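In: Dropping the sequence and predicted coords here.
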Amino acid sequence: MIKKFKHKGLAELFERGRSRRVRQDLQARCLRRLETLDQAESLTDLDVPGFNFHGLQGTPKRYSIHVNGPWCITFEWETSDALRVDLEQYH
């Protein structure tokens with residue numbers, strides 16, 4: 001379950017289904033990924049074809065789900081909750 005957002009636009013998109021803070025061409029793909037992330041009970045639930053789910057280096061441990069081009073949704077995972085969910089270009 002998603003507990004906390006870092007990106008205000010993603011929070012708005014998740015709650016309302018749209019946001020001016022997230023590019024229009026990314027919204028549908030972001031929503032699909034956010035819904036999957038919210039329903040996930042373990043990290044293995046996120047290993048979905050097309051998501052390119054993987055762990056990132058660094059502390060605290062963060063994970064990434066590919067959205068489109070250089071855009072990814074990144075987050076921390078604690079027990080069965082996603083924290084500090086962000087939309088970023090980290091490449």
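Out: Arrived safely, thanks for sending.

In: what's the strand or helix carrying residue 85 in contact with?
Out: Remark: residue 85 resides in strand 81-89, with elements defined by DSSP states H and E. Surrounding strand 81-89, the residues in contact under the criterion CB atoms under 8 Å, 6 or more residues apart in numbering are 1-7, 9-11, 22, 26, 30, 34, 37-38, 40, 62, 67, 70-77. Glycine gets a C-beta too; all of them are placed from N, C-alpha and C.

In: which residue is nearest the middle of this structure?
Out: residue 73 (3.4 Å; CA atoms, centre = their mean).

In: which helices and strands does the helix or strand containing it pack with?
Out: Of the helices and strands defined by DSSP H and E, residue 73 is found in strand 71-78. Contacts defined by 3 or more CB pairs under 8 Å, 6 or more residues apart in numbering; DSSP states H and E place strand 71-78 against helix 24-39, strand 62-68, strand 81-89.

In: Same list (those) but as CSV, adding distance to residue 53.
Out: Shown next, in CSV, are the helices and strands packed on strand 71-78 (distance: least, CB to CB, whole Å):
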stretch, distance to residue 53
helix 24-39, 9
strand 62-68, 5
strand 81-89, 12
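
In: Export these as CSV, with columns for mean pLDDT and distance to residue 15.
Out: Conversion of the helices and strands packed on strand 71-78 to CSV gives the following (pLDDT from 0 to 100; distance: least, CB to CB, whole Å):
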stretch, mean pLDDT, distance to residue 15
helix 24-39, 98, 10
strand 62-68, 97, 18
strand 81-89, 97, 12
